[in-house]
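S.K.: give me a model of this one.
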Amino acid sequence: MMKASLLALLAAVLCVDLGYSLRCYVCNEEPSNLNCLASKECASHEKYCMTTYVSGGLRNEKDFRITKKCAADCSKSDVNLGVSSISTNCCDTWLCNISGASSVKTSFVVMAFGVLASFLCVLRVGL
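M.R.: You can find the predicted model right below:
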């Protein structure tokens, strides 16, 4: 009898919709992830927390912007052009978008590789 009661309780708990909405960190074009610590309860149709990290510029003139929000649809993307890059990350658990989209930070490596390749090309043509 005790096992049947526990089984019924477990089934009831698993079938009950708790009604909790997703909660995400939100900010709009902030220069630092430290400015993105406010959170918001998402609408019922918004199933993802989205973080977009944008960087652009050269050397000391490099500019970074982070946007975090609730989203109904989301697909991860990484576009890196060397001098500018955009990365979008998505997650679907409560307050999961606490960190910035870090994959864009490789743009320095891509840019250095492009400069080195150009330099080697110029040297080769000059010979």
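
S.K.: since we're on the residue lying closest to L58 once chain neighbours are set aside, how many residues are nearby?
M.R.: Nearest residue to L58 in three dimensions, chain neighbours excluded: V83, at 6.1 Å (C-beta to C-beta, 6 or more residues apart in numbering). All C-beta atoms are positioned from the backbone trio N, CA, C, and that covers glycine. Residues lying near V83 (other C-beta atoms under 10 Å) number 14.

S.K.: swap in M50?
M.R.: Counted with other C-beta under 10 Å, M50 comes out at 23.

S.K.: in the protein, which spans are helices?
M.R.: With DSSP state H as the criterion, the chain has helices at 2-15, 107-126.

S.K.: averaged pLDDT, the first one. What do you get?
M.R.: Think helix 2-15. Mean per-residue pLDDT for helix 2-15: 47.

S.K.: so the residue nearest to L58 touches G57, yeah?
M.R.: Yes - V83 lies in contact with G57 (C-beta atoms under 8 Å); the separation is 6.9 Å.

S.K.: need the contact list for C27.
M.R.: Under the criterion of C-beta atoms under 8 Å, 6 or more residues apart in numbering, the neighbours of C27 are N35, C36, A38, I66, T67, K68.

S.K.: repeat for T67
M.R.: Counting by C-beta under 8 Å, 6+ apart, T67 has contacts C27, N28, E29, E30, T51, T52, V54.

S.K.: where does the chain dip in pLDDT?
M.R.: Residues of the chain meeting the criterion pLDDT under 70: 1-20, 100-127.

S.K.: hang on, the earlier thing: ranking the contacts of C27 by neighbours, who comes first?
M.R.: Neighbour max across the contacts of C27 (other C-beta under 10 Å) = K68, 28 neighbours.
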